[in-house]
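Peer 1: Below are the sequence and a predicted model for it; my questions follow.
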Amino acid sequence: MENEMAYMQEHPPRCLGEHSVPPPDALLTFLQKELGEDSTVFTPMCECSRKFLKISSSQGLSPTAIACPKCGKSRVVFDPTQHGYDGELGHNSDLEMGAPEAVVCSECGGDCLRLALCFQYSGETDVLDDDDPPDVRPEDLFGWVMIAAQCEKCQAVQEVSQSECA
């Protein structure tokens, strides 16, 4: 898995799209402390390059979305019905989703946050070794995702949500 993890460190899952960067140290440390070394961490950003965004999510099953306060563009960065091992393989198409809510800083109430998503891998890519493997990239087969955010105002770090994906 060592070579596979090196590959995944360079290739964010498709749910993040092409606009993501390495996370700041505070978010990387927070997330990898929880999910360990067999994980990758990426920070989504807006097409306009803004990294502190408005976030909507929930601790229940719901999509996590970002919206840029500068240019107004928005997108979903994680949807359990489509992303992760079960989502990619079509196992979650009938999940009932809750409504996401605005995420604000638990310390100061700030609503512009830098998001980071941590994707954990623990053998889910073995499905690609089958005789008839699914048409999916290995980095999209994460088994767990944990999402954290850092406040633009006070720099506090907090968990946003986490989901088992396999």
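Peer 2: The structure has been received and is ready for your questions. Predicted model only: the values in this text are computed from it and were never measured.

Peer 1: Am I right that Leu128 is in a helix?
Peer 2: Yes - Leu128: assigned to a helix according to DSSP: H, G, I helix; E, B strand; the rest coil.

Peer 1: Could you say which helix or strand holds the spatially most central residue of the chain?
Peer 2: The centroid of the chain falls nearest to Leu117 when counting by C-alpha atoms, centre = their mean (3.2 Å). Using DSSP states H and E, Leu117 falls within strand 113-120.

Peer 1: so what's Phe119 up against?
Peer 2: Neighbouring residues of Phe119 by C-beta atoms under 8 Å, 6 or more residues apart in numbering: 8, 13, 39-42, 139, 142, 144-145. In this view, the C-beta of every residue, glycine as well, is placed from N, C-alpha and C.

Peer 1: sorry, that was for Cys15
Peer 2: 76-79, 82-83, 117, 140.

Peer 1: now with 10 Å?
Peer 2: By C-beta atoms under 10 Å, 6 or more residues apart in numbering, Cys15 lies in contact with 42, 44, 63-64, 75-79, 82-84, 87-88, 117, 119, 139-140, 142, 145.

Peer 1: Do a quick rundown of the strands in this protein.
Peer 2: For the chain, applying DSSP state E gives strands covering 20-21, 39-44, 52-57, 64-67, 74-78, 101-103, 113-120, 144-151, 157-164.

Peer 1: Thanks again, I'm all set now.
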